[in-house]
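> sequence isn't available, so here's the structure alone:
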C-alpha cells in the first residue's frame with residue numbers, strides 16, 4: 001500500500017508577496033495615500049525613471065502615478081521629461097536644497113549660520129592647500145598605489161565636496177533668515 005501524499009505544487013508560491021516579507025512596506029501602503037506614496041518614491045529617484053516604474057514602486061496604477069507626478073513637477077518637487085515615451089521623472093535636487101536651507105534658517109540665528117559658514121570655509125581651505133587646487137573634481141583619487149590610501153583620498157574628496165554643498169546651503173539659509181524666509185529682499 002502506497003501512503004504517499006500528493007502535493008499540489010501550485011499551492012506553493014516560490015516568491016512570497018513583498019508585503020508578507022516586509023511589514024514596513026505593508027504599513028506604508030496602509031497608512032499613506034497614493035499621492036504620498038508617489039511623493040515618497042520620487043524623492044528616492046536620482047535619475048529619470050518612467051512613470052510606470054514609479055507606479056510599481058508606489059503600489060498604484062500608472063495613471064494615478066502620472067497624475068501625481070505631473071502635479072509634483074508643477075510644484076517643482078520633481079523634474080519631468082514628458083517628451084520620452086513613457087514620460088520619465090526624477091526628484092528635483094534644487095527643491096530639496098531649498099527645503100533644507102529653509103529648515104536651517106528656521107533653526108539657527110543669522111550669527112550661528114555665519115559662524116558655521118566661516119568654519120566650513122576654513123575646512124575647505126585646508127583641502128585646497130592639501131590638494132593644491134580649488135576644485136575637488138580635479139583630484140584623481142587613484143594616484144595612490146595602496147588601497148587604504150585610495151580609500152582615504154576618496155573619503156577626503158567626498159568630504160570636501162560635501163563642505164562645498166554645505167556652504168551653499170548655509171549661505172542660502174542666511175539669505176532666507178535675513179529676508180524673512182525669502183531668498184531676495186522684498
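All right, it came through fine. Not measured: the values here are computed from a predicted model.

> state which helix of the protein is the longest.
Taking DSSP state H as the criterion, the chain has its longest helix at helix 147-178.

> tell me if residue 183 really is in a helix.
No - under DSSP: H, G, I helix; E, B strand; the rest coil, residue 183 sits outside any helix and is assigned coil.

> wait, it touches residue 174, no?
No - look at residue 183 against residue 174 with Cβ atoms under 8 Å: they stay out of range, at 10.4 Å. Glycine gets a C-beta too; all of them are placed from N, C-alpha and C.

> who has more neighbours out of the two?
residue 174 (21 against 11; other Cβ atoms under 10 Å).

> quick one: pLDDT of residue 6?
According to the prediction, residue 6 has pLDDT 57.

> buried residues in the longest helix of the chain?
Using 16 or more other Cβ atoms under 10 Å as the test for burial, helix 147-178 gives 153, 156-157, 160, 163, 166-167, 169-170, 172-177.

> elements contacting it?
With contacts taken as 3 or more Cβ pairs under 8 Å, 6 or more residues apart in numbering; DSSP states H and E, helix 147-178 sits against helix 93-107, helix 110-131.

> just checking, what packs against the last one?
In other words, helix 110-131. On a contact count with 3+ Cβ pairs under 8 Å, 6+ apart, helix 110-131 meets helix 147-178.

> check residue 103 and give its pLDDT.
pLDDT recorded at residue 103 is 94.

> er, residue 98 I mean
Note on residue 98: pLDDT of 89.

> surely it meets residue 172?
Yes - with contact defined as Cβ under 8 Å, residue 98 counts as touching residue 172 (7.3 Å).

> outline the domain layout of this protein.
Per automatic domain parsing, the structural domains of the chain span 10-91, 95-178.

> looking at the ones you listed, which one has the lowest mean pLDDT?
Checking each of the domains of the chain, the one with the poorest mean pLDDT is domain 10-91, at a mean of 86.

> how about residue 82, phi and psi?
Main-chain torsions, residue 82, degrees, to the nearest 10: phi -80, psi -10.

> er, residue 78 I mean
With angles defined as degrees, to the nearest 10, residue 78 sits at phi -120, psi 160.

> how about residue 84?
Torsion angles, degrees, to the nearest 10, at residue 84: phi -80, psi 160.
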